[in-house]
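> the sequence isn't on hand, but the structure is:
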């Protein structure tokens, strides 16, 4: 059944859908009055609904049944990633959303090729739309959150909220990721740092060590930012799947 994202509070029996979703319903999917759809509000619930009216580019639906269906990982996974060039960031966001990542945090590292400034609201909104579309496609009832861009040293000050901070880096003392995960069977929250293609600086490595990050290796090959982010997300999602 066709799925659409509509941010609304549970408990409503009747709902007007406007903006891009109504266009998708009427012009892309060409649905009509009497057709059934699924709407989800991004908080874990989905609702079976029937189209009862189409008027002025808006669609009115009657909510018939509410279901709480969780397709989330047992651990909340955040990815703090260096911003890749061009539309490669779109692939990163799409696939990490499909893999159940809780939050994606764009980071300005010292060697980042792309550095975002504070006035990057339009780009963040674009990324959030990509996450919404990916959630619609893959059947998740929650939306991966796109965080505000931050500097590396700033996010290190907030690591107390994570049970398992991972640092993907090919250091000589980096541990095998499989071994690290076996040592932490039930974390509630994980953050994994994915650096730029030029690598982390020695200062960033020392800073990460001081705050207790677990250094992990993703193998002997040098991965692009989006490849590394997707690989870590896939491994963590598989290991901590419900």
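Perfect, thanks for sending it. Given the structure is predicted, the values throughout are model-derived calculations rather than measurements.
> what distance do you get for the most centrally placed residue in the chain to residue 79?
With distances taken as Cα atoms, centre = their mean, residue 144 lies nearest the centre of the chain, 3.4 Å away. For residue 144, the distance to residue 79 (Cβ to Cβ, to the nearest Å) stands at 9 Å. The way it works is simple: take the backbone N, C-alpha and C, and place the C-beta from them, glycine included.
> shared neighbours of these two, which are they?
96, 101, 103, 104 (Cβ atoms under 8 Å, 6 or more residues apart in numbering).
> for the last one, pull up the helix or strand it's in.
Residue 104 is part of strand 103-108, with elements assigned from DSSP states H and E.
> and what of the first one?
With elements taken from DSSP H and E, the one containing residue 96 is helix 88-98.
> mind giving me the packing neighbours of that helix?
strand 103-108, helix 121-138, helix 225-239 (3 or more Cβ pairs under 8 Å, 6 or more residues apart in numbering; DSSP states H and E).
> tilt between the last one and strand 103-108?
Spelled out, that is helix 225-239. Calculated by axes from the mean of the first three to the mean of the last three Cα atoms, to 10 degrees, helix 225-239 forms an angle of 150 degrees with strand 103-108.
> and the contacts of helix 225-239?
By Cβ under 8 Å, 6+ apart, the list of residues contacting helix 225-239 reads 73, 75, 77, 79, 81-84, 88-89, 91-92, 95-96, 99-101, 166, 168, 177, 181, 190, 192, 194-197, 218, 223.
> just the buried subset of those residues, written out for ChimeraX, thanks.
A single ChimeraX command selects the buried members of those (16 or more other Cβ atoms under 10 Å):
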select :73,75,77,79,81,82,83,84,89,91,92,95,96,99,100,101,166,168,177,181,190,192,194,195,196,218,223
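> in strands, which of the contacts of helix 225-239 appear?
Residues of the contacts of helix 225-239 located in strands (DSSP state E): 77, 79, 81, 82, 166, 168, 190, 192, 194.
> please name the residues that touch the first one.
It stands for residue 77. Here residue 77 is in contact with 100, 101, 102, 190, 192, 233, 236, 237, 240 (criterion: Cβ under 8 Å, 6+ apart).
> now the fifth one: how far from residue 121?
When you say that, I think you mean residue 192. Residue 192 sits 25 Å away from residue 121, going by Cβ to Cβ.
> same deal with the first one?
Residue 100 is 26 Å from residue 121, where distance means Cβ to Cβ.
> and what of the third one?
Note on residue 102: its distance to residue 121, by Cβ to Cβ, is 21 Å.
> likewise for the last one?
Applying Cβ to Cβ, the value for residue 240 to residue 121 is 32 Å.
> so these two - more neighbours on which side?
Remark: of residue 240 and residue 121, residue 240 carries more neighbours, 21 against 9, as counted by other Cβ atoms under 10 Å.
> now stretch 89-108: how far from the chain's centre is it?
4 Å (Cα atoms, centre = their mean, to the nearest Å).
> and the least confident of the ones in strands among the contacts of helix 225-239?
On pLDDT alone, residue 168 ranks lowest of the ones in strands among the contacts of helix 225-239, at 92.
> what's across from it in the sheet?
Beta-bridge pairing for residue 168 (DSSP bridges): residue 216.
> contacting residues for it?
192, 193, 194, 195, 216, 217, 218, 228, 232.
> please repeat the previous calculation with a cut-off of 10 Å.
Listed by Cβ atoms under 10 Å, 6 or more residues apart in numbering, the contact partners of residue 168 are 79, 174, 177, 192-195, 200, 213-218, 223, 228-229, 231-232.
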